[in-house]
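>>> coordinates for the following, if possible.
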Amino acid sequence: MIIFPDIEIQDGHCVNRIRGKEQEPEKYDISPMDAAKQFVAAGAERLHVIDVESSLKSGGFNHDLICAIIDSVDVPVQVGGGIQTQSDVDWWFDHGAARVVLGTVAVKDRLLTMEVCNRYPGKIVISITGKDGHAMIDSWQTKTSFTPLELAKSFEESGAGAIIYADLDRFEGGQDVGLASTIEIGTELNIPLISTGTIYSLDDVSTLALLPNIEGVIIGRALFNGTVDLAKAIETARAARVAPELADEGVAPKHHGISGIPVTTINRVSVYSSNTDRSAKFYEVLGFSMEPDAESSDDSVPMRHFRGAGIILLPALHGAISPARLALEVDSMAQTRACLEYNNIAITDVVEDESRTTIRIQDPDGNQIEFDRYW
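The predicted structure follows:
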């Protein structure tokens, strides 16, 4: 699970919004730039940066500052706040944003949402706020007729890369309020869920890391107020694992053994196998299935991933195998890792740099399979 430190900027200051209102924000005695650098120094893998002023009134009030942060840190930055048009989305990607967050506009302009999701696959994140069973918009002030889950599922169908869910009931009620709505959304979605407004202590980090389909948590106030130490939160998130005996009871994401790895890009690759039946069963775990209508010889096994990628399993000549390398792009590294762990598939290597994360495994014949998540 990824910890996303939350930097909300208003009038050049780090703030925390109170119920989404413009007045009386909680201000912190550290500049947004210094906060970003301190978070990265503490081990942050991603940053979540919001232009509060632009979300409350039209205009790119803190764009220059946010661009300076993007240029100054060596981790991907997820940006939101006041993004209303395709030109706004294009502008942020042109200026280095790794992902763009849409809020109210995603509900009010569904055509825009579908257009930008198609234009930037896996890079558009939709922020949903829930209160008393309803989704809220307009800085949490307007109640819609939709439930948070209904909106999340519709945005999944539109091609969103992830959902940010703010549970306003827990945000206002504190630690004693449960995580039922977060669990429900995580269980039902097949795209990653990022939780926000739910962390009050390291125990909360441990709890969220064990919930279904949680890619990450956004933490703001708890970091700035010192109630949660970022380095310890990151360590806690990395250490948390779903116990195997709990996986079948709904603690693990429901799609671990069904949807497989969330592959986004590849057409078809030929892979030699000493036992095509055995290899076919292995690749089925990763989300591939038999492709009976594809042209093939009697001995080959064409398979197609549910997201379009194809492979052909070919019998090895005289039993000799020359290991191949299959590179697959995925849109959720958290789901990829979870699927592999759930199915007891050993990870042979993990590589991370400023542009991507890579996980490597081997199939039964020693062919190397590489899963890449680009930022």
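>>> walk me through the domains of the protein.
Per automatic domain parsing, the structural domains of the chain span 2-247, 263-374.
>>> and the last one, how far out from the chain's middle?
Centroid separation between domain 263-374 and its chain, computed with CA atoms, centre = their mean, to the nearest Å, is 22 Å.
>>> on that earlier part again, any idea which of the domains of the chain has the lowest pLDDT on average?
Mean pLDDT is lowest for domain 263-374 among these, at a mean of 78.
>>> surely residue 355 meets residue 374?
Yes. Using CB atoms under 8 Å, residue 355 makes contact with residue 374 at a distance of 6.3 Å. Every C-beta, even on glycine, is put in place using the N, C-alpha and C of the backbone.
>>> those two - which one has more neighbours?
Regarding residue 355 and residue 374, a neighbour count based on other CB atoms under 10 Å identifies residue 374 as having more, with 16 against 11.
>>> who's the closest residue to residue 196 other than its chain neighbours bridged to?
Spatially, and ignoring its direct neighbours in sequence, residue 196 is nearest to residue 218 (3.8 Å; CB to CB, 6 or more residues apart in numbering). On the basis of DSSP bridges, residue 218 is bridged to residue 4, residue 196.
>>> okay, strands next: where are they in the stretch 51-200 of the chain?
Here the stretch 51-200 of the chain has its strands, by DSSP state E, counting those that start in this stretch, at 77-80, 99-102, 124-131, 134-137, 142-143, 162-167, 193-196.
>>> residue 39: which of the ones you listed is closest?
strand 77-80 (10.9 Å; CB to CB).
>>> helices and strands around the closest one, which ones?
If you count contacts as 3 or more CB pairs under 8 Å, 6 or more residues apart in numbering; DSSP states H and E, strand 77-80 packs onto strand 47-51, helix 63-72, strand 99-102, strand 124-131.
>>> and it, how far out from the chain's middle?
Computed by CA atoms, centre = their mean, the chain-centroid distance of strand 77-80 equals 13 Å.
>>> gap between residue 192 and residue 156?
10 Å (CB to CB, to the nearest Å).
>>> surely residue 30 is in contact with residue 14?
Yes. Applying CB under 8 Å, one finds residue 30 in contact with residue 14, separated by 5.8 Å.
>>> which residues do the two both contact?
Listed as contacting both residue 30 and residue 14 by CB atoms under 8 Å, 6 or more residues apart in numbering are residue 224.
>>> who has more neighbours, those two?
Shown here are residue 30 and residue 14; by other CB under 10 Å, residue 14 has more neighbours (24 against 14).
>>> for the closest residue to that one other than its chain neighbours, give me its contacts.
Spatially, and ignoring its direct neighbours in sequence, residue 14 is nearest to residue 28 (4.3 Å; CB to CB, 6+ apart). Contact partners of residue 28, counting by CB under 8 Å, 6+ apart, are 13-16, 35, 224.
>>> in CSV: these, plus distance to residue 70 and secondary structure.
Below are those laid out as CSV (distance: CB to CB, whole Å; DSSP: H, G, I helix; E, B strand; the rest coil):
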residue, distance to residue 70, secondary structure
13, 18, strand
14, 16, strand
15, 19, strand
16, 21, strand
35, 14, helix
224, 20, helix
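>>> among these, which one lies nearest to residue 331?
Closest to residue 331, out of all of the contacts of residue 28 and judged by CB to CB, is residue 35, at 28.4 Å.
>>> contacting residues around that closest one?
5, 7, 14, 28, 224.
>>> among these, which pair sits farthest apart?
The distance between the two most remote of these (CB to CB) is 12.3 Å, for 5 and 28.
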